[in-house]
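Student: with the sequence up front, the predicted model follows.
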Amino acid sequence: MNVEYLAIAKLFLPEIVLTVGALLLLGIDLCLGKRDTRRALVLLGAVISLAAACVALLQWDWRPAEAQYVRQAAVTSAVQRMAPAVGRDALTHAARISERDARAVTTAYKAARHDSLVESAATPPADGAPVMGIAPYDAGLSSPSFSAWWLFTADNFALIFKAIFALALALALLLSTRFPVARYRGEFAALLMFAAVGLMVMVGSLDLVGIFLGLELASLCCYALAAWHKQDARSAEAGTKYLLLGSLASAIFIYGASLFFVEYGSTHLHVLAHGAAQSPLTLVALLMVLVSFLFKVAGAPFHLWAPDVYQGAPTAMVAFLSTAGKAAGFAVLVRVLSAHGFQAFSEKWLLLFIGVAALSILIGNLVAIHQNNVKRLLAYSGVAQAGYVLIGLVAMADPAGGTLLNEALPLTAVIFYLAAYMVMNIGAFAVVGIVGRESGGEELSAFAGLRARAPVLAFAFTLLLLSLGGIPLLSGFVGKWYLFLAGVYQGQYLLVLIGTTMSVVSMYYYLLVIKQMYILPAADGAQPIRVGALAAAGLAAITLVTVAIGIYPGPLYTLAQAAAKSLMP
Amino acid sequence: MIELSAYNIILLLLAAVTLLGAVRVIATRSVIHAAFWLFPVFAGIAGFYLLLGAQFLAAIQVLIYIGAILVLIIFAVTLTRNAMDSDDAPANRFGVPVFLAAIMLLAAVIGAAGHTRWPAAFATIDHIALAPGLEVTGVPALGVTLLQHYLLPFEIASVLLLAGMIGAIVLARRERPSADDDAPADAATAADAPQREKVGV
């Protein structure tokens, strides 16, 4: 059987880089034993994840969206032709396809392949397009190279998220070099890298099976990482709580996926999309899948795990989970919803999403006011941020006709905000981690007088908090602006009103922290805070990027728009 | 109405045994009893596989779930008896509302299933044909599905197992009291103090 290994590898380049890197890290860690080398190891991990981010961006498909869509259109038409004949997964039920349909599919695939080859010949840099993996139909649909291409994708939408995860991983590792992660520094870094691989598999998957495996890989690593400080009761509680509730969410997801399989004989998104009849069972299954990912992004009624896990888990892991994990959850939600054919239900999931968005914004912001622990405060602020992003998801659906808009603005806004949020939130958690390490606590009072103890740290934290609150000239403002704009275009005035009002409320608790740092005096005997050189460099980069995006959002917006258009041109 | 054939009677009996076991697992207060009640659950699921004509899966279910996992759970429960034996398990204040919510969810799923137009025939694992001219059935079909069609997810599962193993080893490993940097906050500071460059930010 002719397996196109290179084509398969092209679908997974960032994942392969990270997996090999993690194995390398573990190997070196086994051979050497000294703590200093372990610190260097974590640095090596950060470099590897930066390389993975570069690889993801190098794979970027610069062709206009229409050219990329040759493949998508071919598959769509092929499945549409097959739908009346079988209505099932084209692969597992290939024997049932009539001769004529088989020919049609072959022609479609060959056309797709031919077009893409012509296309890539015309524009050389486009060689890395995912089209290369197509095996001709008659060579056997079950060949691994065809299946890889059928189950996974490396479109721009997946690539931008892979880059976000790899960057978040690099920053989290960089900042964790001096965070106390007890012993096992190498294993800590390796598990964080495996978690990133899981998230990447999630966003690159077109099949619920792949999504589930990626979800489990990421979750399993995060359960272990949350309980990393075994002797600390809070960390153990965080790990147990996250394991129990996360498993429940996974179980709900797999229940929904199994209901899909019962009805359609497949879990592939294209097949589900084209077979989506108006059956009540499909609605139940869809709602289950959506709810499990609303849990992962900590949307409001499903957010109860977040504060406890954020408070107890190691800060480096929380920084990664609260940004990359959240982004991955939203990416999968978008991927599932944008599969054509769920329009029939859009008024149903729209109601769910509007409710969750409003609740998240309200609960997140109002409860955050009363928090005394800055990690919990950031957890509730994260719930509120999830609500803002959900406004963008709500705007993806047309409230009148119940069809997905071809307009790319809502999805662009969602991707833009998730990227900007990744940078500023990791920065915020990094500061909390450094202050917590030096002062021995993450209470608000630990930040008192930070202006005198660490002026640059206080300044960076102030900028990041203002950005989270949405002050102009910082990245958070631009992101919120696009999200609210998308909401207004879609006529979600009430939701946008709640969002803007609550943004003002959120400034209150962000300013509470700033007040601690700048106005209140330091506690007696408080030491000046020392920041490691690496952490300082990382923090400086984060702050600079936050300001740069706020002043000049053009490049990131263009990138996000290209990613959005690759999903729905 | 359900036709009263031998197949259906066995199916209903199996379902009753499985459900009874599952309810007992979560309803009983004693951990060791819960572990033993898992047996009818796993055995009942093996019975479902047999009814569906998937003998291989049924054998695997018995070997792995009953032979390995259940025995392991019982071992773990008996070896950690002291930690698990506390009688003061907190009462669940939300028992009644959660029960009502679960009943409503069950009603929704059953109602939805009742209103769904089902495909005329289901393909069992025996009848999967992967490509024209390549007809495989039974265990070979399973192998082809797993190692050709789902080859990449299968490989990802191996990474998942590796990650799970690393996490489990780190969490389960007994710490020596003389560990160098055990306690989270102070130890790292103390141990690093000599080599830390004083960056007075």
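Tutor: Structure's in. What do you need?

Student: how near is residue B:102 to residue A:352?
Tutor: To residue A:352, residue B:102 is 19 Å away according to CB to CB, to the nearest Å. Placement of C-beta: from N, CA and C, glycine included.

Student: between the two, who's got more neighbours?
Tutor: residue A:352 (18 against 10; other CB atoms under 10 Å in any protein chain shown).

Student: and that one, that's in a helix?
Tutor: Yes. Under DSSP: H, G, I helix; E, B strand; the rest coil, residue A:352 sits within a helix.

Student: how near is the closest residue to chain A within chain B to residue A:193?
Tutor: In chain B, the residue that lies nearest chain A is residue B:167 (2.7 Å; CB to the nearest CB). Look at residue B:167 and residue A:193: by CB to CB, they are 13 Å apart.

Student: between these two, which is the more surrounded one?
Tutor: residue A:193 (29 against 23).

Student: surely the more buried one meets residue A:23?
Tutor: No. If you go by CB atoms under 8 Å, residue A:193 and residue A:23 don't touch, sitting 9.4 Å apart.

Student: picking that back up, test my guess that the residue of chain B closest to chain A contacts residue A:191.
Tutor: Yes. Proximity of residue B:167 to residue A:191 meets the contact threshold set by CB under 8 Å, at 6.0 Å.

Student: so what sits against both of the two?
Tutor: A:221, A:224, A:225 (CB atoms under 8 Å, 6 or more residues apart in numbering or on different chains).

Student: give me phi/psi at the first one?
Tutor: Residue A:221 adopts backbone torsions of phi -60, psi -40, taken as degrees, to the nearest 10.

Student: okay, the residue nearest to it when sequence neighbours are not counted: pLDDT?
Tutor: Closest residue to residue A:221 apart from its sequence neighbours, by CB to CB, 6 or more residues apart in numbering or on different chains: residue A:195 at 3.8 Å. As predicted, residue A:195 sits at a pLDDT of 96.

Student: what packs against the strand or helix carrying residue B:26?
Tutor: Using DSSP states H and E, residue B:26 falls within helix B:6-27. Judged by 3 or more CB pairs under 8 Å, 6 or more residues apart in numbering or on different chains; DSSP states H and E, helix B:6-27 is in contact with helix B:31-51.

Student: neighbouring contacts of the helix it packs on?
Tutor: Under CB under 8 Å, 6+ apart, the answer for helix B:31-51 is B:7, B:10-11, B:14-15, B:17-18, B:20-22, B:24-26, B:28, B:55, B:57-58, B:61-62, B:65-66, B:69-70, B:73-74, B:77-78, B:84-85.

Student: report the angle between it and helix B:6-27.
Tutor: When axes from the mean of the first three to the mean of the last three CA atoms, to 10 degrees is applied, the directions of helix B:31-51 and helix B:6-27 differ by 160 degrees.

Student: what residues of helix B:31-51 count as buried?
Tutor: Within helix B:31-51, the residues scored as buried using 16 or more other CB atoms under 10 Å in any protein chain shown are B:31, B:34-38, B:40-50.

Student: average pLDDT across that helix?
Tutor: On average, helix B:31-51 scores 92.

Student: kindly report the same for stretch A:548-556.
Tutor: Here stretch A:548-556 scores 93 as its mean pLDDT.

Student: okay, buried residues for that stretch please.
Tutor: A:549, A:550, A:553, A:556.

Student: domain map for the chain?
Tutor: The chain I'm using is chain A. A:65-151, A:343-569 (automatic domain parsing).

Student: not what I meant, chain B
Tutor: B:1-82, B:125-174.

Student: those domains: lowest mean pLDDT?
Tutor: Among these, domain B:125-174 carries the lowest mean pLDDT (a mean of 74).

Student: look up how far residue A:293 lies from the residue of the stretch 251-400 of chain A found nearest chain B.
Tutor: Proximity to chain B, evaluated over the stretch 251-400 of chain A using CB to the nearest CB, is greatest for residue A:280 at 3.7 Å. From residue A:280 across to residue A:293, the span is 21 Å (CB to CB).

Student: residue contacts, the one residue in the stretch 101-250 of chain A that gets nearest to chain B?
Tutor: Residue of the stretch 101-250 of chain A nearest chain B, by CB to the nearest CB: residue A:224 (2.7 Å). Neighbouring residues of residue A:224 by CB under 8 Å, 6+ apart: A:191, A:239, B:163, B:164, B:166, B:167, B:168, B:170, B:171.

Student: in what helix or strand does the second one lie?
Tutor: Assignment of secondary structure by DSSP H and E places residue A:239 within helix A:233-264.

Student: in that helix, what's buried?
Tutor: In helix A:233-264, the ones that count as buried by 16+ other CB under 10 Å are A:235-243, A:245-246, A:249-250, A:252-257, A:259-261, A:263-264.

Student: restrict those to contacts with chain B.
Tutor: Of the residues in the buried residues of helix A:233-264, proximity to chain B by CB under 8 Å from any CB of the partner chain holds for A:239, A:259, A:263.

Student: quick check: the farthest pair among the buried residues of stretch A:548-556?
Tutor: Greatest spatial distance in the buried residues of stretch A:548-556: A:550 and A:556, 10.5 Å, computed using CB to CB.

Student: list, one by one, the residues from the stretch 401-550 of chain A near chain B.
Tutor: Going by CB under 8 Å from any CB, the residues of the stretch 401-550 of chain A near chain B are A:436-438, A:440, A:454-457, A:528-533, A:536.

Student: hmm, back to that, just send the buried residues of stretch A:548-556 back as TSV, with secondary structure too.
Tutor: Formatted as TSV, the buried residues of stretch A:548-556 follow (three-state DSSP):
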residue	secondary structure
A:549	helix
A:550	helix
A:553	coil
A:556	helix
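
Student: make CSV out of those residues and add distance to residue A:479.
Tutor: As requested, the buried residues of stretch A:548-556 are exported to CSV (distance: CB to CB, whole Å):
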residue, distance to residue A:479
A:549, 8
A:550, 9
A:553, 8
A:556, 9
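
Student: nearest to residue B:112, of the residues you listed?
Tutor: residue A:556 (42.2 Å).

Student: hey, where'd the helices end up in chain B?
Tutor: Taking DSSP state H as the criterion, chain B contains helices spanning B:6-27, B:31-51, B:55-60, B:71-79, B:81-84, B:95-114, B:138-144, B:151-172, B:184-192.

Student: need the three-state assignment for residue A:523.
Tutor: Applying three-state DSSP: residue A:523 is coil.

Student: residues contacting it?
Tutor: Residue A:523 touches A:445, A:448, A:449, counting by CB under 8 Å, 6+ apart.

Student: how about it, phi and psi?
Tutor: Torsion angles, degrees, to the nearest 10, at residue A:523: phi -70, psi 160.

Student: now it: how far from residue B:162?
Tutor: 46 Å.

Student: in contact with the residue of chain B closest to chain A, which residues?
Tutor: Residues near residue B:167 by CB under 8 Å, 6+ apart: A:191, A:220, A:221, A:223, A:224, A:225.

Student: can you tell me the element the closest residue to chain B within the stretch 351-500 of chain A falls in?
Tutor: Taking CB to the nearest CB as the measure, the stretch 351-500 of chain A has residue A:456 as its residue closest to chain B, at 4.5 Å. Counting by DSSP H and E, the element that carries residue A:456 is helix A:455-469.
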